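S.K.: this one's sequence-less:
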């Protein structure tokens, strides 16, 4: 019986706006062996949730931090925008 190797998920994080300058590098890649939440990805990348306004997953879908990624994806992180 052949042993099936577990699939590694590659999560690419693209930082937008001022997050590019606050966190370096502005494109990060993390690998996971099982489904993972956006919250866990941000935690592992050391990105503060307080800086995040919204998150777009591959396919232009806006997701929250509790969204579970079950396959490789690109995730864009947009900052909170202040103004007056």
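M.R.: Arrived safely, thanks for sending. If you're wondering where the values come from, they're calculated on a predicted model, not measured in any experiment.
S.K.: Show the low-confidence segments of this protein, by residue range.
M.R.: 1-6, 82-84 (pLDDT under 70).
S.K.: Check it for its longest helix and report it.
M.R.: helix 38-44 (DSSP state H).
S.K.: helices or strands up against that helix?
M.R.: The contact analysis (3 or more Cβ pairs under 8 Å, 6 or more residues apart in numbering; DSSP states H and E) places helix 38-44 against strand 73-79. (Each C-beta comes from the backbone N, C-alpha and C, glycine too.)
S.K.: which neighbours does the strand it packs on have in its sheet, and in what orientation?
M.R.: strand 9-15 (parallel), strand 52-57 (antiparallel) (DSSP bridges).
S.K.: Of the ones you listed, flag the one that's most buried.
M.R.: strand 9-15 (a mean of 19; mean count of other Cβ atoms under 10 Å).
S.K.: Tell me, how many residues neighbour the residue nearest to residue 46 when sequence neighbours are not counted?
M.R.: Of all residues not flanking residue 46 in the chain, residue 23 sits nearest, at 7.4 Å (Cβ to Cβ, 6 or more residues apart in numbering). Look at residue 23: counted by other Cβ atoms under 10 Å, it has 17 neighbours.
S.K.: wait, doesn't residue 23 sit right on residue 17?
M.R.: No: with contact defined as Cβ atoms under 8 Å, residue 23 does not reach residue 17; the gap is 11.1 Å.
S.K.: OK, contacts around residue 13?
M.R.: Contacts for residue 13 (Cβ atoms under 8 Å, 6 or more residues apart in numbering) come out as 27-30, 41, 45, 47, 74-75, 77.
S.K.: For it, list each beta-bridge partner.
M.R.: residue 28, residue 75.
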